[in-house]
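*Asks:* Next come a sequence and a model predicted from it.
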Amino acid sequence: MNSINPLTPAAELVKRNGVRFPNESNEYREARDALLAEEIELRRHIERVAALRRALPPGGEVTKEYRFESEDGPVAFAEMFGNKQTLAAYSYMFGPERKRPCPMCTSLLSAWDGEARDVEQRIGLVVIARSPIERLIAFKHERGWKNLKLYSDTSGSFTRDYVSADDADVPAFNVFTRRDGTIRHFWSGEMGPSTSDPGQDPRGAPDLMPIWTILDTTPEGRGTNWYPKLDYETTE
């Protein structure tokens, strides 16, 4: 990766690890060490991909005057940046024809609600949907979100340009930059059904959902016989 400061081979780092747990077998430790080497290489690949993403040339300039409805009234797209130079915008599957929002999107955003204030130390973070702002606010209160900033794309102009030309009720994640007063599109997730591998649900890389990071460390894995819920009955 770096000819000036070459990285230590993963196998050497594994030898330095020296971790063992009570009563583990030699077979387990050998398999775990082999996995650790792959985990190290995965981390390095993630870093390489992130560096390539940061090095993208300038994207297309945003020339339209997109308008949205916020919890506090009408806003222009540029206002969403606040005092930040980068804006991450998640398009939420909660269109006007949908009775209830997408449970998977909701699961993701519930996790993000807890991270939003930390993320916003560096960039702007917004959630955009096609439903009227009143519906978005009502569900925000129902779900108990406190930190996410919700916006309604009432005209659908932004959605048709950066999410779906057909104004389909699909999710999207876009990143925009503002440099010297010029707003440009920087990056968006482009992985979907056409780029998925056999036997896997379409998903991006990196995966934006913390729930998968947790489940991928377990023997049960992601599974195929369950789905996030919009509400859970409480039990005493």
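*Replies:* That came through, no problem.

*Asks:* Please write out the alpha-carbon positions of stretch 109-127 in CSV.
*Replies:* Output of stretch 109-127 as CSV, limited to C-alpha atoms (Å, rounded to 0.1, in the frame of the first residue of the first chain):
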residue,chain,number,x,y,z
LEU,A,109,-32.2,5.8,11.1
SER,A,110,-32.9,4.8,14.6
ALA,A,111,-29.2,3.9,15.0
TRP,A,112,-28.2,7.1,13.3
ASP,A,113,-30.4,9.2,15.6
GLY,A,114,-28.0,8.2,18.4
GLU,A,115,-24.9,9.1,16.3
ALA,A,116,-26.3,12.3,14.7
ARG,A,117,-24.8,14.8,17.1
ASP,A,118,-21.4,13.1,16.9
VAL,A,119,-21.5,13.0,13.1
GLU,A,120,-22.6,16.7,13.0
GLN,A,121,-19.3,17.8,14.6
ARG,A,122,-17.8,17.2,11.1
ILE,A,123,-20.6,17.3,8.5
GLY,A,124,-24.2,18.1,8.0
LEU,A,125,-26.6,15.1,8.2
VAL,A,126,-30.2,15.2,6.9
VAL,A,127,-33.0,12.8,6.2
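
*Asks:* From the rest of the structure, what touches it?
*Replies:* Under the criterion CB atoms under 8 Å, 6 or more residues apart in numbering, residues 80-82, 84-90, 92, 136, 143, 145-151, 209-211 lie in contact with stretch 109-127. For the C-beta atoms, the positions are set from N, CA and C on the backbone; glycine is no exception.

*Asks:* please redo it, this time with the cut-off set to 6 Å
*Replies:* Residues outside stretch 109-127 that contact it (CB atoms under 6 Å, 6 or more residues apart in numbering): 80-82, 84, 86-90, 92, 145, 147-151, 210.

*Asks:* before we move on, what about stretch 182-191?
*Replies:* Residues contacting stretch 182-191 (CB under 6 Å, 6+ apart): Pro58, Gly59, Gly60, Glu61, Val62, Phe173, Asn174, Val175, Phe176, Thr177, Gly204.

*Asks:* does the nearest residue to Val62 once chain neighbours are set aside sit in a helix, a strand or a coil?
*Replies:* In space, Val62 comes closest to Ile183 once its chain neighbours are excluded; the distance is 4.3 Å by CB to CB, 6 or more residues apart in numbering. Judged by DSSP: H, G, I helix; E, B strand; the rest coil, the three-state class of Ile183 is strand.

*Asks:* Would you check how far apart Ile183 and Asn83 are?
*Replies:* Counting by CB to CB, to the nearest Å, the gap from Ile183 to Asn83 is 14 Å.

*Asks:* between those two, which one's more packed in?
*Replies:* Ile183 (19 against 5; other CB atoms under 10 Å).

*Asks:* partners of the more buried one in the sheet?
*Replies:* Arg178 (DSSP bridges).

*Asks:* And it, how close does it get to Thr159?
*Replies:* Ile183 is 17 Å from Thr159, by CB to CB.
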